[in-house]
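Colleague: Sequence and predicted structure below; questions after.
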Number of protein chains: 2
Amino acid sequence: MSVVTSFQNPIVKRIRAVASRKGREREGCFWAEGIHITMEALETGWPMERLVWCPDLLTSEVARESIQRANADAVMVSRSVFRKISGRENPAGIGALLATKHRSLGALDVESGAFFVVLDRVGDPGNLGTVIRTVASAGGDAVILVGASTDPFDPRSVRAAMGSLFTLPVVAEGRADGFLDWARKNGLNLVGSSSKGNVHYREAEYRRPVALMLGSEQHGLDDTLARAVGTSVHIPMAGRASSLNLSAAAAVLAFTASSAGTR
Amino acid sequence: MSVVTSFQNPIVKRIRAVASRKGREREGCFWAEGIHITMEALETGWPMERLVWCPDLLTSEVARESIQRANADAVMVSRSVFRKISGRENPAGIGALLATKHRSLGALDVESGAFFVVLDRVGDPGNLGTVIRTVASAGGDAVILVGASTDPFDPRSVRAAMGSLFTLPVVAEGRADGFLDWARKNGLNLVGSSSKGNVHYREAEYRRPVALMLGSEQHGLDDTLARAVGTSVHIPMAGRASSLNLSAAAAVLAFTASSAGTR
């Protein structure tokens, strides 16, 4: 098998095109990079268009063996080509062009023990990826995005999610009304997080099926969502601190709800 | 007062010089940017060398009034100069050149209710800043950095800390031994986080004064530190997830220890 050395190679051009959201929407795929993330994509069977690796950069024996075993369409590229497509300073020399999946609320199973995290207008892709990783770790069933949100397939989100994107469904619903209709139909216990919440987050009942709802860092929960919550919880802040980072708040709440659900 | 329009102005050159760690160490100062962060620096009385703002960019009336009231050495710069010194896509038009503070363990008060978070070899400045913000919110008394760590005054850390850097002491100790000597002398309860910890993090006793110790994302806790902990806790992971992001793990543990301490 030959090594691609040209920046004009169609695969190389395609990978560079999907760096932007528009490009990902047009092409229906995204770029995921790094040993752990690529191995997770292979092991979870995520639809893979191309596995891309660089013999000069990839030193991990485990990763090389996985490539041999993998039933994937692999392409080797030169060091300079990999550097060109990589978003990293020290690329590990492996990545994959993966299909984007768009899921709908209707396709989610809502079992009696279900536990969802809902983000309203999340703007920062790193935060979104970190929340996806956290919710997967806490045993959540999906992350649901409401409102104009950043793209879960943004390279910064993919990187921060560390492979959890391949196992945890992420649904971009868009409309608050659409989410609320679905939530009512499925009897979800809506617990919203707000600095003005009247229940201490440790005292709340996270009766399942539950949806933990967090607002954007700038604006908090949208009015329509805020009015619909059954319980509005707050995380008390010490000293001058006025708020937690979104991903830190999500971690505190998801692990509290998670332990509450398994008591 | 005149508006600086030259990129060759000494203040402008100084701000650009402190973008690197070397520059910050040489100059003894760092650049903090944005309305909230600059206001926090003013209100907490952090040593400020220069307040820098751009009349064309700064639209916030509150911020403009604060500048008027502030007893700070202010300099106005043009839009193009501010864009040159700013690390942001849409700069708010305000920032400050602030003195770096280097604190030592010996200068920390260890009261009976004290609660510290210790990070071993933290590499990502965004993670570090987020942990600083989280620990301040959870009522912690300091963040202590052990081993070769990223710089808390890195612009990404300053940004993620959202002003908590001005109220929460951050101590870069460097040596694990130095930290352990100090911890023993002060009777600290050392609680370490590890995927191999034998105590569920919710079952641990966070008796104060306590130090929560978290290892680097890549390597976990250094052997010397791991051997010294009194309690080794783990956060159980669901499904395929193998670990939490460092800042998410710190949030879960800090808020658990925080509530444990106030029960």
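Modeller: It's in.

Colleague: From residue B:52, how far off is whichever residue of the stretch 1-150 of chain A sits closest to chain B?
Modeller: Nearest to chain B in the stretch 1-150 of chain A, going by Cβ to the nearest Cβ, is residue A:139, at a distance of 3.3 Å. For glycine as for every other residue, the C-beta is placed from the backbone atoms N, C-alpha and C. Noted for residue A:139: a distance of 47 Å to residue B:52, by Cβ to Cβ, to the nearest Å.

Colleague: on that earlier part again, grab the nearest non-local neighbour of the residue of the stretch 1-150 of chain A closest to chain B.
Modeller: If the residues on either side of it in the chain are set aside, residue A:139 comes closest to residue B:238, at 3.3 Å by Cβ to Cβ, 6 or more residues apart in numbering or on different chains.

Colleague: which residues touch the one you found?
Modeller: Neighbouring residues of residue B:238 by Cβ atoms under 8 Å, 6 or more residues apart in numbering or on different chains: A:136-140, A:258.

Colleague: picking up where we left off before, counting neighbours, what do you get for the residue of the stretch 1-150 of chain A closest to chain B?
Modeller: By the criterion of other Cβ atoms under 10 Å in any protein chain shown, residue A:139 has 21 neighbours.

Colleague: How about the one 5 residues further on?
Modeller: Other residues within reach of residue A:144, judged by other Cβ under 10 Å, total 24.

Colleague: what's across from the residue lying closest to residue A:108 once chain neighbours are set aside in the sheet?
Modeller: Distance criterion Cβ to Cβ, 6+ apart; nearest residue to residue A:108, sequence neighbours excluded, is residue A:142 at 5.6 Å. Beta-bridge partners recorded for residue A:142 (DSSP bridges): residue A:116.

Colleague: Name the secondary structure element that contains residue A:190.
Modeller: strand A:189-193 (DSSP states H and E).

Colleague: my bad, residue A:68
Modeller: Assigning secondary structure by DSSP H and E places residue A:68 in helix A:61-69.

Colleague: got the buried residues for that helix?
Modeller: Using 16 or more other Cβ atoms under 10 Å in any protein chain shown as the burial criterion, the residues of helix A:61-69 that qualify are A:63, A:66-67.

Colleague: Show me what that helix packs onto, helices and strands only.
Modeller: Judged by 3 or more Cβ pairs under 8 Å, 6 or more residues apart in numbering or on different chains; DSSP states H and E, helix A:61-69 is in contact with helix A:35-44, strand A:48-53.

Colleague: Specify the angle between the shortest one and helix A:35-44 in degrees.
Modeller: Same thing as strand A:48-53. Counting by axes from the mean of the first three to the mean of the last three Cα atoms, to 10 degrees, strand A:48-53 lies at 140 degrees to helix A:35-44.

Colleague: Pull the residues that contact strand A:48-53.
Modeller: A:11, A:15, A:29, A:38, A:41-42, A:63, A:67, A:70, A:72-77, A:82, A:85, A:93-99.

Colleague: Equivalent analysis for stretch A:98-112, please.
Modeller: In this structure, residues lying in contact with stretch A:98-112 by Cβ under 8 Å, 6+ apart are A:24, A:28-32, A:41, A:46-49, A:116, A:141-142, A:144, A:153, A:169-173, A:178-179, A:182, A:186-188, A:208-209.

Colleague: For that stretch, buried residues please.
Modeller: Going by neighbour count (16+ other Cβ under 10 Å), the buried part of stretch A:98-112 is A:98, A:105, A:108, A:110.

Colleague: same thing with stretch A:250-263?
Modeller: For stretch A:250-263, using 16+ other Cβ under 10 Å, the buried residues are A:250-261.

Colleague: In the stretch 151-263 of chain A, mark out all the helices, start to finish.
Modeller: A:155-161, A:176-185, A:223-228, A:246-262 (DSSP state H, counting those that start in this stretch).

Colleague: in the third one, what's buried?
Modeller: Residues of helix A:223-228 classed as buried: A:225-226, A:228 (neighbour count, 16+ other Cβ under 10 Å).

Colleague: So for chain B, which of the helices of the stretch 151-263 of chain A sits nearest?
Modeller: helix A:246-262 (3.9 Å).

Colleague: tell me which strands and helices that closest one is in contact with?
Modeller: Against helix A:246-262 (3+ Cβ pairs under 8 Å, 6+ apart) you get strand A:115-120, helix A:125-137, strand A:189-193, strand A:210-214, helix B:125-137, helix B:246-262.

Colleague: Repeat the analysis, applying 7 Å as the threshold.
Modeller: Here helix A:246-262 touches strand A:115-120, helix A:125-137, strand A:210-214, helix B:246-262, going by 3 or more Cβ pairs under 7 Å, 6 or more residues apart in numbering or on different chains; DSSP states H and E.

Colleague: pLDDT averaged over the last one - what is it?
Modeller: On average, the pLDDT along helix B:246-262 is 88.

Colleague: what does the third one give?
Modeller: Predicted confidence along strand A:210-214 averages 98 (mean pLDDT).

Colleague: So what touches that strand?
Modeller: Strand A:210-214 is touched from outside by A:115-120, A:183, A:188-193, A:221, A:225, A:229, A:246, A:249-250, A:253-254, A:257, with contacts defined as Cβ atoms under 7 Å, 6 or more residues apart in numbering or on different chains.

Colleague: Just the CA atoms of it, as PDB, please.
Modeller: Backbone C-alpha positions of strand A:210-214 (Å, rounded to 0.1, in the frame of the first residue of the first chain) are rendered in PDB as follows:
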ATOM      1  CA  VAL A 210     -35.100  12.500  35.100                       C
ATOM      2  CA  ALA A 211     -33.800  15.300  32.900                       C
ATOM      3  CA  LEU A 212     -31.200  17.600  34.500                       C
ATOM      4  CA  MET A 213     -31.400  20.900  32.700                       C
ATOM      5  CA  LEU A 214     -28.600  23.400  32.500                       C
END
